[in-house]
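Asker: coordinates only, sequence not included:
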């Protein structure tokens with residue numbers, strides 16, 4: 001097999017196989033388990049940011065979620081909420097943003113704040 005297949009921290013939009021699902025599970029567990037020590041947490045979050053993983057997550061969410069806020073009962077929202085890896089992507093992004101200003105600013109400024117509005121609507 002391809003030794004790099006499990007190393008990608010970004011979710012696969014289409015045709016997620018066992019390797020990608022396992023990779024997402026492992027990354028989600030790793031982010032959920034980031035030590036509370038601020039120096040260690042900052043180093044881990046910084047490494048994910050530097051690797052482009054946060055950008056990949058934002059692109060996945062941008063491709064998955066409706067392009068503009070709409071009713072959560074709309075077909076666009078229903079389809080988005082059934083997208084493969086959406087729960088994992090949201091948990092990973094939340095973990096990478098937690099107490100880490102650089103990622104928070106990137107999320108807040110992505111597409112002029114449009115993605116953040118969609119994320120807030122999804123949460124609400």
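Answerer: Happy to help now that I have it. Everything numeric here is computed off the predicted structure, so don't read it as measured data.

Asker: Name the helix or strand for the spatially most central residue of the chain, please.
Answerer: The residue lying closest to the centre of the chain (Cα atoms, centre = their mean) is residue 89, at 3.3 Å. Here residue 89, judged by DSSP states H and E, is contained in helix 86-97.

Asker: mind listing what the residue nearest to the centre of the chain touches?
Answerer: Counting by Cβ atoms under 8 Å, 6 or more residues apart in numbering, residue 89 makes contact with 11, 57, 60-61, 64. Every C-beta, even on glycine, is put in place using the N, C-alpha and C of the backbone.

Asker: Between all of those, which two are at the greatest distance?
Answerer: Greatest spatial distance among those (Cβ to Cβ): 57 and 64, at 10.4 Å.

Asker: can you tell me how far the residue nearest to the centre of the chain sits from residue 24?
Answerer: For residue 89, the distance to residue 24 equals 8 Å [Cβ to Cβ, to the nearest Å].
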